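> what's the 3D shape of this:
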Amino acid sequence: MKIRVLLLLLFSRFLLCAQENCPDFLFVNHLVNLRDYRLALEVLKEKNSSCGLTDSVNFLKAVCHYNLKEFEHSTSYFSKIGRNSNLYNASVFYSSDNYITLKKYDQSLLLLENYTSNSLKMNELARFELAGISLLERNPAGFEKYRQEFTGLHEDFSNEEKILTECHTRFLEFKPKSKLAAGVLSALIPGAGKAYSGKWGEGLSAFFIVGTLGLVTAENYFKRGIDNPKTIIAGGFFTVFYVGNIWGSVLSIERYRNDFYESQDNIIRASLHIPLSRIFR
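Model prediction:
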């Protein structure tokens with residue numbers, strides 16, 4: 001996710017600063033456009049209070065750290081921006097976005113729960129973000145609480161409100177398959193547990209491999225006896241693959257669950273981020 005568009009917020013301030021004999025800011029803007037964020041940070045190192053642009057400097061530092069994927073540092077600079085700054089709203093919501101990226105959902109919740117604005121749109125955006133974070137925390141009651149304030153009146157995130165509601169419905173309808181059932185099925189019919197988890201190809205493969213080893217073991221047993229080395233070797237391979245088939249089926253259920261939740265979480269995180277790039281541009 002990129003937030004280079006946020007630099008547009010600073011552009012007019014940069015021009016003003018340049019007129020006041022602070023050319024370094026235009027140079028920093030140039031470096032950011034070149035994606036040389038590390039050098040931009042070096043130039044900004046001693047610019048915390050230059051030209052009365054403390055908030056703009058901190059915001060730009062936060063943006064540079066964000067693009068370097070240094071989200072903790074990014075958040076620390078966003079947090080320094082004053083409430084009276086025209087960059088304050090963006091700093092709060094992008095700080096929350098950083099916490100979401102770091103999966104520190106509790107800190108994101110705390111930040112937005114304490115946020116208030118005179119703008120109805122910003123307040124609804126905060127409730128929208130809180131609803132999405134509740135879904136990421138597997139807290140359906142929390143989602144329902146914040147969803148009550150969805151109005152669908154703001155084009156910048158009305159569609160994303162619908163997407164979060166759809167994700168919530170999918171969570172409620174999702175029926176995690178049983179690991180026990182998968183293990184029992186694979187014990188009775190090798191590969192059946194993987195087929196049960198939706199992995200039909202892996203299930204058929206396990207069925208043929210374990211089945212073939214079982215037949216080889218049985219043939220050696222009836223022809224050569226249980227003490228014959230070929231019977232023992234074949235039986236050993238059969239046992240390993242048979243047990244592995246059961247354990248693999250149990251793990252396939254875990255993957256099935258994880259794949260579902262990961263796909264939904266990706267949708268939620270994208271839905272929470274997209275409105276920010278629309279609004280703060």
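
> just checking, what packs against the one helix or strand R255 maps to?
Following DSSP states H and E, one finds R255 within helix 229-279. If contacts are counted by 3 or more C-beta pairs under 8 Å, 6 or more residues apart in numbering; DSSP states H and E, helix 229-279 sits against helix 88-101, helix 120-136, helix 158-173, helix 179-188, helix 192-196, helix 200-224. C-beta here means a position set from N, CA and C on the backbone, and glycine is covered the same way.

> how far off centre is that helix?
Relative to the centre of its chain, helix 229-279 is centred 18 Å away, using C-alpha atoms, centre = their mean, to the nearest Å.

> please apply the same query to stretch 216-226.
With C-alpha atoms, centre = their mean, you get 53 Å for stretch 216-226.

> which residues are in contact with it?
228, 230-232, 234-235, 237-238 (C-beta atoms under 8 Å, 6 or more residues apart in numbering).

> buried sites along that stretch?
Buried residues in stretch 216-226, counted by 16 or more other C-beta atoms under 10 Å: 216-217, 220-221.

> again with stretch 222-239
231, 234-235, 237-238.

> circling back: and the angle for the helix holding R255 with helix 179-188?
Using axes from the mean of the first three to the mean of the last three C-alpha atoms, to 10 degrees, the inter-axis angle of helix 229-279 relative to helix 179-188 is 150 degrees.

> wait, P190 sits on G211?
Yes: P190 is within contact range of G211, at 6.3 Å (criterion: C-beta atoms under 8 Å).

> settle it for me: which of these two has more neighbours?
P190 (26 against 16; other C-beta atoms under 10 Å).

> for E254, which non-adjacent residue is closest in space?
K179 (7.1 Å; C-beta to C-beta, 6 or more residues apart in numbering).

> wait, that neighbour sits on S252?
No: K179 lies out of contact with S252 (C-beta under 8 Å); the separation is 9.2 Å.

> who has more neighbours out of these two?
Neighbour count, other C-beta under 10 Å: between K179 and S252, S252 has more, with 24 against 18.

> just the pLDDT at the more buried one, thanks.
pLDDT, S252: 84.

> over to the one 10 residues further on?
According to the predicted model, the pLDDT of E262 comes to 95.

> ok, it to F280 distance?
28 Å (C-beta to C-beta, to the nearest Å).

> domains in this protein, as residue ranges please.
1-99, 116-173, 179-264 (automatic domain parsing).

> worst mean pLDDT among those domains?
Looking at these, the weakest mean confidence is domain 1-99, a mean of 75.

> I163 contacts I274, doesn't it?
No: look at I163 against I274 with C-beta under 8 Å: they stay out of range, at 9.4 Å.

> buried ones in stretch 198-213, by neighbour count?
199, 202-203, 206-207, 209-211, 213.

> can you lay out those residues as CSV showing distance to A141?
Formatted as CSV, those follow (distance: C-beta to C-beta, whole Å):
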residue, distance to A141
K199, 34
E202, 37
G203, 38
A206, 41
F207, 43
I209, 46
V210, 45
G211, 48
L213, 50
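
> contacts for stretch 69-77?
Against stretch 69-77 from outside (C-beta under 8 Å, 6+ apart): 58-59, 61-63, 65-66, 94-95, 98-99, 101-102.

> again, 6 Å this time
Applying C-beta atoms under 6 Å, 6 or more residues apart in numbering, the external contacts of stretch 69-77 come out as 58, 61-62, 65-66, 95, 98, 101-102.

> now the closest residue to Q264 other than its chain neighbours: how far from E144?
Among residues not flanking Q264 along the chain, C167 sits closest, at 5.3 Å (C-beta to C-beta, 6+ apart). Using C-beta to C-beta, one obtains 13 Å as the distance from C167 to E144.
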